[in-house]
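Participant: Predicted model, plus sequence, below.
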Protein chains: 2
Amino acid sequence: MADLPEQITTLIKQLAKLPGVGQRSAQRLAFHILKMSDSDTQAFINAVDSAKKKLIKCSICGGITDIEPCAICSSEKRKNGLLCVVADPKDVFVLEGMHEFSGQYHVLGGTLSPMDGVTPKDLNIDSLIKRVKSGEIKEVILATNPDVAGEATASYLCDVIKPLGVRVTRLAYGIPMGSNLEFIDPLTLSMAIEGRRDI
Amino acid sequence: MADLPEQITTLIKQLAKLPGVGQRSAQRLAFHILKMSDSDTQAFINAVDSAKKKLIKCSICGGITDIEPCAICSSEKRKNGLLCVVADPKDVFVLEGMHEFSGQYHVLGGTLSPMDGVTPKDLNIDSLIKRVKSGEIKEVILATNPDVAGEATASYLCDVIKPLGVRVTRLAYGIPMGSNLEFIDPLTLSMAIEGRRDI
């Protein structure tokens, strides 16, 4: 590639660092960027820049915010005693996308993983316990992922929070809506049967 | 999403405009960018910015370059009489990745498509003819894509260039290396048989 301008190879290299973007996608993205209008490029750069410069971690929930504390933590409407515990700031975003949950969040900043050296003190668990002890919380919904680390974290949190006298719940396991039984793994299927409900 | 910071939704919107990036990938990319170090972010922004600001169209071949004329057009080593005609600046990049072609390029800036109003005068065909007439070119390799528009463009160019007395060639059609006959479409297979070679 000796005869190609260095700016384009640098741009491709930078794009290829993004998750899920391989060498070919990076090439396609780079040539797309070259074709973008100057104002679109500026809007793109500004979006990256202002997200990086203006977003901080909320001191209460650990979620991503531009004001301190975040809009969810400071909203009176959302103080309904429900606290949804998630692993990652992204999960708040996913759950808010549903437009149904009206309580507050607590972001752990990861999941327990002793193999990778992630122990309870590496997660925002102390602040979670403090929030629960404050007496405003009536139910803690553990919304970590249904994988090994998420399950271990939920189980640990349950042991720690239940003695504080609040209700502790976990997201339901089962078959996803719109799916086909044929393609559901046996473990999920057995969870769906175990968790069956009267209709 | 009313309670989520506007910077993150804007960033996701901007990322989702990129080709091949859906809403979910855009979310994943946005949260990845938030986790990037400040210096990595700056490197990313600089790459976009300098690609947009420093790259121009080469006045000879129509390819993307940071110097005028481009490194390929101004290299004495590459003046070997071979001229490879491609539709898009990206194609120069793809062909250079092969590290085998040592001639020059001519970028059409698209393919003929009367339905979309793209006629010969919308492409860099006049400058191509001028280059061929200059006498330095011995062979024109038509390297447009093997699809309807690419074929039509190649066929048009062949009609226009052949009378000028240079050799006009087309990339070989056939089975791609490493593929499996089972998955090759019948048209490609029939082209591969038609173009069979003695061994």
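Facilitator: Nice, thanks for sending it over.
Participant: and A:Ala2, what pLDDT?
Facilitator: Predicted confidence (pLDDT) for A:Ala2: 66.
Participant: Check A:Gly178 too.
Facilitator: Reported pLDDT for A:Gly178: 86.
Participant: for the one 4 residues further on, same thing?
Facilitator: You'll see A:Glu182 listed with a pLDDT of 84.
Participant: repeat for the one 10 residues further on
Facilitator: Reported pLDDT at A:Ala192 in the predicted model: 86.
Participant: Quick check: it vs chain B, distance?
Facilitator: 24 Å (Cβ to the nearest Cβ, to the nearest Å). Every C-beta, even on glycine, is put in place using the N, C-alpha and C of the backbone.
Participant: Give me the neighbour count for that residue.
Facilitator: Using other Cβ atoms under 10 Å in any protein chain shown, A:Ala192 has 16 other residues around it.
Participant: same check, this time on A:Val85
Facilitator: If you count neighbours by other Cβ under 10 Å, A:Val85 ends up with 25.
Participant: swap in the one 3 residues further on?
Facilitator: A count of nearby residues for A:Asp88, using other Cβ under 10 Å, gives 20.
Participant: same deal with the one 4 residues further on?
Facilitator: Other residues near A:Val92 come to 27 when the count uses other Cβ under 10 Å.
Participant: helix/strand/coil for it?
Facilitator: helix (DSSP: H, G, I helix; E, B strand; the rest coil).
Participant: residues in contact with it?
Facilitator: A:Cys61, A:Gly63, A:Ile64, A:Ile72, A:Val86, A:Tyr105, A:Val107, B:Leu4 (Cβ atoms under 8 Å, 6 or more residues apart in numbering or on different chains).
Participant: domains of chain A?
Facilitator: If you go by automatic domain parsing, the domain ranges for chain A are A:6-54, A:77-170.
Participant: can I get these in TSV with mean pLDDT?
Facilitator: Shown next, in TSV, are these (pLDDT from 0 to 100):
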stretch	mean pLDDT
domain A:6-54	94
domain A:77-170	94
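Participant: Can you lay out these as JSON lines showing distance to B:Leu11?
Facilitator: Listed next are those as JSON lines, based on distance: least, Cβ to Cβ, whole Å:
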{"stretch": "domain A:6-54", "distance to B:Leu11": "4"}
{"stretch": "domain A:77-170", "distance to B:Leu11": "11"}
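Participant: Figure out which of those is closest to B:Glu136.
Facilitator: domain A:6-54 (26.4 Å; Cβ to Cβ).
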